[in-house]
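Chemist: Predicted model, plus sequence, below.
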Amino acid sequence: SHISKYDMGQLDFQLHDSLEEWRESTTRRIYGDSILNDYGPGMTMPDSVLDCIVDCAHHKKNSTTNNLHKETKWSAINRFGSDIIAIIHRIIPVPMLTPVLTMRHLKTNLPSIIAPQNNGTQSSHSVTVVARKQLRCGACGIEGHTSKLFPHAGNNAHFQ
């Protein structure tokens, strides 16, 4: 996607330096010193990918490996993506969304499993989940179905 122009800040420079260190040490570990010296750390991650990662991190666009792949098209994402995401999150933390859960949502969505607390009111801090009673067939008395599910249950059709 399109990244708008921006002035790099302290965190952007710190991320760039950390990614430079990572790709140099990773290139050395995988290919050895001679390849690192002859071809540089771009063997592991091209400069264009590194720059794109920093730009996207600045704009909070690469919080997952899927986002990272979408933005960079880097062929080594399956191999190194989680390492890069960890570096990004260490330097530019992703804000955590706090889920908002209220009893109103539970009452609306799950009316049959909410049980009142001891004083007869529902608490916003704890919810007691009550197991639903098993269905029992009125015709044969077996749990797990009703005679509506087996219209011929009165004739003992499900026993034949």
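Modeler: On my side now, so go ahead.

Chemist: Leu19 against Ile84, yeah?
Modeler: Yes - under the criterion of C-beta atoms under 8 Å, Leu19 makes contact with Ile84 at 7.2 Å. No exception for glycine: its C-beta is placed from N, CA and C like everyone else's.

Chemist: for Ala139, helix, strand, or coil?
Modeler: With DSSP: H, G, I helix; E, B strand; the rest coil as the basis, the three-state label of Ala139 is coil.

Chemist: Now the common contact residues for Leu19 and Ile84.
Modeler: Shared contacts of Leu19 and Ile84 (C-beta atoms under 8 Å, 6 or more residues apart in numbering): Ile53.

Chemist: what about the helices in this protein?
Modeler: 10-31, 33-39, 47-58, 65-72, 77-91, 103-109 (DSSP state H).

Chemist: now these in a markdown table, with mean pLDDT?
Modeler: Output for the helices of the chain, formatted as a markdown table (pLDDT from 0 to 100):
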| stretch | mean pLDDT |
| --- | --- |
| helix 10-31 | 96 |
| helix 33-39 | 94 |
| helix 47-58 | 93 |
| helix 65-72 | 90 |
| helix 77-91 | 93 |
| helix 103-109 | 46 |
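
Chemist: Looking at those helices, which one is packed in the most?
Modeler: Mean neighbour count (mean count of other C-beta atoms under 10 Å) peaks for helix 47-58 among these, with a mean of 19.

Chemist: So what touches that helix?
Modeler: Helix 47-58 is contacted by residues 3, 6, 8-9, 11-12, 15-16, 19-20, 23, 62, 67-68, 71-72, 74, 84, 88, 91-92 when judged by C-beta under 8 Å, 6+ apart.

Chemist: and Glu71, how far is that from Tyr31?
Modeler: 26 Å (C-beta to C-beta, to the nearest Å).

Chemist: Then Asn62?
Modeler: Counting by C-beta to C-beta - Asn62 and Tyr31 are separated by 25 Å.

Chemist: Also Cys137?
Modeler: Note on Cys137: its distance to Tyr31, by C-beta to C-beta, is 69 Å.

Chemist: Check Cys140 too.
Modeler: As for Cys140, its distance to Tyr31 is 72 Å (criterion: C-beta to C-beta).

Chemist: Also Met8?
Modeler: Using C-beta to C-beta, Met8 is found at 29 Å from Tyr31.

Chemist: again, but for Trp74
Modeler: Trp74 is 17 Å from Tyr31, by C-beta to C-beta.

Chemist: Same check on Gly81?
Modeler: Distance from Gly81 to Tyr31, counting by C-beta to C-beta: 19 Å.
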